[in-house]
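Novice: Next one to model:
(chains A and B)
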Amino acid sequence: MNPLISVKDLSIGFHQRHLVLPAVENISFDVAAGETLGIVGESGSGKSLSARAILGLVPAGGEITSGQITYQPASGDPIEISSLPKNGRDIRSLRGSKIAMVFQEPMASLSPVHTIGNQISTTLRQHTDLSKRAALTRAIELLDQVGMASPAEIAEQYAHQISGGMRQRAMIAMALSCNPRLLICDEPTTALDATTEAQIVDLLAKLQADLNMGMIFISHNIGLVSEIADRVMVMYLGQEVETGPAETVLKTSGHPYTRALLAALPAFTEAGAELATLQGTVPDPTSRPTGCSFHPRCPEFAGEHCKTVRPVLHAIADRHCAKCHLHD
Amino acid sequence: MRLPIAIAQSATSMTEPLLQISNLEKHFGQSKGMFKFDPHAVRAVNGISLNVNEGATTALVGESGCGKSTAAKLISGALTPSSGEILLRTSDGGQLNVGTLKGSARKKLWRDVQLIFQDPFSSLNPRMTVRQIIAEPLRNFGIARGDAATKIVTDLLDRVGLQSTAMNRYPHAFSGGQRQRIGIARALAVNPRLVIGDEPVSALDVSVAAQILNLFQTLKKDLGLTYLLITHDLSVVRHSADRVAVMYLGQIVEENTTAGLFEAPRHPYTQALLSAVPDPSAKSKTRVVLPGEVASARNIPTGCAFHPRCALATDLCRSTAPKISTLPNGGRVACHTPLETASR
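Specialist: Numbering: from 1, shown residues only, chains lettered A, B, ... in the order given. Have a look, this model is predicted:
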């Protein structure tokens, strides 16, 4: 049985003048049905870009320079997403239906001039042959499924009339409308309050288990990811630096960057104690360091070869890999 | 969730508080039809009392719409309270009533109280150099000009971890973390006694936020600053604050030392907030998920404002608002049925 989605050696570059800036380099991951992959990284690490590439949504100026993204439909042959024409019929029939996405900022993703019910039923009618009335009934069912107290009323309201948490629920209802097999959540709770975040994370975990979806959960919050994900991939400057089961990555991190990310969390540090920090900031992709991209900031700098030789992914335990010379 | 017990008691906590807030209210009006005006339409801050001790970090926590930022604006003199008092102890031993200050007297307040903002991209003027940005308060308050100001700016930049070569560059040349450092240097330029941080690290990446939090600690130690930290992030609070006040719909529902509050929350809302913090060290934990949404400050529920979301609500909670009462351990809680200390 093939995994739902399989990404192999994916690289994405942006054209600038006469050169191509690599934004994502050689990343590989699989997501099976019923499994959650968490992708963690700071701004500019390429985590959103990799996920958007799955939907064929690489922004203008960028393109997939190498690698494959393969989607395995419920029946039939695998589909090579990376070679489908951009915005062609094939990718559009997948996007929003079998592969759906929940974005960070629900206010910016919802239309301000259409009612919530209208927006969900439009998605439904795009991908199915339901009548207008049947689509609206289904939209109300979906709103009920995502835990809205009075779904029929919400369906008639506009995005600005409901709270942030409810908007995100409406986005999730829309993503679920065509029974997706893979749900990509890009920082779905970053714009929400703590108690609302707890509600949404619980809802996503429950829906995923009920519907046996594959899920990709992107966040900068390694604590949150570790709660919801089965496996975690840590990214730095467009590269995968560590992948493994969530608990293993957290407890026995194999890469200095992962260890540093965890140590920088106030939740992990004793009250009042100094937080462990990384020196410097994430470098600009135009001036990527030689050798290991992380070497100028690495607290466990291992020697000259970190500056000159690019590390490769080493298997350090069962299904646990890290890209670091410490494991050479 | 296991939390280390660290009783953070600063040496100065026994002295008189730097800032005393009592029964502070701020209501915003709204017109209702052509000739009607309801001056109490939005009760953003609805009677809070709080002391901020000198040399300590006090955190004001709550979700969006709870009135924490309005409280910060009232304390910094940017808004005038509807009622209540904000008393700031001045360096000469006197007291200023922040709410009643006007004109030049209010301007003087900003030598003592400074703000650090959330978004380092919108809080710095893009058309001023870093030197101009940091020297502006020096000039406004007649502290220094010209070469003397440049020297102070160099010192400030050094203090916040930037090189003096940054001085002649514009804000766009800096990353988010560096810009936040510039904002901090600007706040420190007038040598304030109280620094209010309104979500100072929530726009920053994890590793950068850690650098800024460490900088706050260092500055507090070196300069004896008093912080009022406004935030929704409880892990930041647990790490940096000495005392915490939890706000819900314009009121303080619980207040205690950080260690005391995290160890034994007494208000059901505090308990839910604490359990919403993702804890990487515990894979499976029972999370208290609150039903429903935060009510609007336009339409505050009767009785205890939290009762529609509270699992322990009784008829008393629905009809009568609880008064804030002092606990044996020095904390305060506003609840008819406070949680027992061992209930977590």
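
Novice: Not counting sequence-adjacent ones, nearest residue to the closest residue to chain B within the stretch 1-150 of chain A?
Specialist: Closest residue of the stretch 1-150 of chain A to chain B, CB to the nearest CB: A:Glu42 (4.2 Å). Every residue, glycine included, has its C-beta placed from N, CA and C. Take A:Glu42 and drop its neighbours on the chain: the residue closest to it by CB to CB, 6 or more residues apart in numbering or on different chains is B:Asp205, 4.2 Å away.

Novice: if I pick that neighbour, what's in contact with it?
Specialist: Contacts for B:Asp205 (CB atoms under 8 Å, 6 or more residues apart in numbering or on different chains) come out as A:Glu42, A:Ser43, A:His220, A:Val282, B:Gly176, B:Gly177.

Novice: Now, the residues you listed that are in helices?
Specialist: When DSSP state H is applied, the contacts of B:Asp205 are split such that B:Gly176, B:Gly177 fall in helices.

Novice: Can you select the buried ones among the contacts of B:Asp205 for me in PyMOL?
Specialist: Buried residues among the contacts of B:Asp205 (16 or more other CB atoms under 10 Å in any protein chain shown), as a PyMOL selection:
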select buried, (chain A and resi 42+220+282) or (chain B and resi 176+177)
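
Novice: so can I have a markdown table of the contacts of B:Asp205 showing distance to B:Val201 and pLDDT?
Specialist: Below are these laid out as a markdown table (distance: CB to CB, whole Å; pLDDT from 0 to 100):
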| residue | distance to B:Val201 | pLDDT |
| --- | --- | --- |
| A:Glu42 | 14 | 85 |
| A:Ser43 | 14 | 81 |
| A:His220 | 13 | 87 |
| A:Val282 | 16 | 78 |
| B:Gly176 | 10 | 86 |
| B:Gly177 | 9 | 88 |
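
Novice: tell me which of the contacts of B:Asp205 is nearest to A:Leu275?
Specialist: B:Gly177 (13.2 Å; CB to CB).

Novice: Return the per-residue confidence for the residue nearest to the closest one when sequence neighbours are not counted.
Specialist: Excluding the flanking residues, the one nearest B:Gly177 by CB to CB, 6+ apart is B:Val208, at 3.6 Å. Per-residue pLDDT puts B:Val208 at 84.

Novice: what residues are up against B:Val208?
Specialist: Listed by CB under 8 Å, 6+ apart, the contact set of B:Val208 reads A:Glu42, A:Thr281, B:Ser175, B:Gly176, B:Gly177, B:Gln180.

Novice: My guess is the fifth one contacts A:Thr281. True?
Specialist: Yes. Here B:Gly177 reaches A:Thr281: they are 6.2 Å apart, a contact under CB atoms under 8 Å.

Novice: which parts of the one helix or strand the residue nearest to B:Gly177 maps to are buried?
Specialist: Using DSSP states H and E, B:Val208 maps to helix B:206-223. Within helix B:206-223, the residues that count as buried by 16+ other CB under 10 Å are B:206-217, B:219-220.

Novice: how far away is the residue nearest to A:Glu42 from B:Gln180?
Specialist: According to CB to CB, to the nearest Å, B:Asp205 stands 11 Å off from B:Gln180.

Novice: what's the answer for B:Thr258, then?
Specialist: 23 Å.
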